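Chemist: predicted structure and sequence below. I'll ask about it afterward.
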Amino acid sequence: MESRIFSGIRPSGKLHLGNYLGAIKNWIELQDKPNTERAIFAVVDYHGITTPFNPKTYRQQVMDTILDFLAAGIDPKKSLLIRQSKIPEHTELAWIFNTITPVSWLDRLPTYREKLGETDGKYNHVGLLDYPVLMAADILLYKSNLVPVGEDQLPHMDLTNEIAKKFNSMFGQTFEPVKPHLAIGARIMSLQDPAKKMSKTPSASSGQAGDEYIALSDSPDEIRDKIKKAVTDSGNEIVFDPAKKPAISNLMTIYHLLSQNSVNEIEKKYGGKNYSEFKSDLAEVVVNFLNPFQEKRRELKNDLTYVEDVLMESEEKAKIIASSTLTEVKQKMGL
Ligand code: AMP
Ligand code: TRP
């Protein structure tokens, strides 16, 4: 079957290794597959404003995310790279979906509960609750059938399919089922707390903000420093055991995914060695891996007209698909 791929990422700061290994790496592999009919990748800036953001720097954050994508290997010849807010059909379709989505499908979602907890309920606005409906609209607007995401997004994928089914049953067959595409090692944990996923939002329990994640654009010294400070488990052995040794297992996963060494090979290589030897090697693995990415990113930053052109062209093409779906939807609904 031909795949029509869609995925999105919030511009909530610099992209980190979790985003890369859980999402973008997958996107790049998918865009290159021969049976990929189209691939659309979006910076979901409307999703990004559901949690605290700074209007003065937000535009820059969106551009930073776009630069991260292009530097990581999203190829504008094969994929469309878009900003969600530039294509109003996303929110238009989300409104329509709002009218067929029971509140009870949304307020039980773990992602919503988590976000409420993180902000002490301060951000309990309709947009936060409605976040997954906009996501369903993002996906279905382009009649996508394959969505590369991390496993935390699976409840949103189920919801997307529920909404599609309900729309079809109320207004006639319009949307096909959508499948998630999970990456291996899809969940990279925080360097400061292996019970939490690596994230740009600092947790209350940790020390300095930023120590929890490695941004793709961190300098070699920042990377070395963060890995040195990463928490480890009791004992001193380099063994992969996510249940008993979650911290070192997480670091080993990163090592494995960036170096092509299997976890077994890593265990053998570091048999008898201590955490600090392992950590200093891991830092070099990360630094070397990120080097070509960072070079490409610097080049792009010096050629912003090219980047703007890529965006304009992609958004124009995406709009054609989006408005065709919306016309069909409105027609079926008598709008
Ligand atoms: P976010 O930064 O939360 O907007 O996430 C963007 C994408 O990266 C989603 O597909 C997430 O599932 C994925 N992602 C975010 N954090 C991690 C992580 N720590 N490990 C793996 N994937 C992640
Ligand atoms: N909700 C996703 C996240 O937090 C981001 C997102 C928005 C998305 N729209 C999407 C992902 C559509 C895949 C498809 O990571």
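Modeler: Received, thanks. Ligands and ions are numbered 1, 2, ... in the order given.
Chemist: output the lowest mean pLDDT helix or strand found in the protein.
Modeler: helix 110-118 (a mean of 86; mean pLDDT, DSSP states H and E).
Chemist: restricting to C-alpha, output that one in PDB.
Modeler: Extracted in PDB, the C-alpha atoms of helix 110-118 (Å, rounded to 0.1, in the frame of the first residue of the first chain):
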ATOM      1  CA  PRO A 110      -2.900  10.700  30.000                       C
ATOM      2  CA  THR A 111      -1.200  13.500  28.100                       C
ATOM      3  CA  TYR A 112      -3.900  15.900  29.300                       C
ATOM      4  CA  ARG A 113      -3.700  14.700  32.900                       C
ATOM      5  CA  GLU A 114       0.100  15.000  32.800                       C
ATOM      6  CA  LYS A 115       0.100  18.500  31.500                       C
ATOM      7  CA  LEU A 116      -2.400  19.600  34.100                       C
ATOM      8  CA  GLY A 117      -0.200  18.200  36.800                       C
ATOM      9  CA  GLU A 118       2.900  19.900  35.500                       C
END
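Chemist: mind giving me the packing neighbours of it?
Modeler: With contacts defined as 3 or more CB pairs under 8 Å, 6 or more residues apart in numbering; DSSP states H and E, the packing partners of helix 110-118 are helix 126-141, helix 154-171. The way it works is simple: take the backbone N, C-alpha and C, and place the C-beta from them, glycine included.
Chemist: next, the buried residues of the shortest one.
Modeler: Think helix 126-141. Using 16 or more other CB atoms under 10 Å as the burial criterion, the residues of helix 126-141 that qualify are 128-141.
Chemist: what lies in contact with it?
Modeler: Residues outside helix 126-141 that contact it (CB atoms under 8 Å, 6 or more residues apart in numbering) are 6, 8, 42, 44, 46-47, 49-51, 84, 89-91, 93-94, 96-98, 101, 103, 106-107, 109, 111-112, 115-116, 147, 155-156, 159-160, 163-164, 175, 178, 321-322, 325-326.
Chemist: restricted to helices, list these.
Modeler: 46-47, 89-91, 93-94, 96-98, 111-112, 115-116, 155-156, 159-160, 163-164, 321-322, 325-326 (DSSP state H).
Chemist: show me what counts as buried in stretch 19-39.
Modeler: 19-28, 30-31, 36, 38-39.
Chemist: cool, stretch 304-322 as well?
Modeler: Within stretch 304-322, the residues scored as buried using 16+ other CB under 10 Å are 307, 310, 311, 314, 315, 318, 321, 322.
Chemist: how about the residues of the protein near ligand 2?
Modeler: Residues of the chain lying close to ligand 2 by CB under 6 Å from any ligand atom are 6-10, 44, 47, 135, 138-139, 147, 149, 153, 156.
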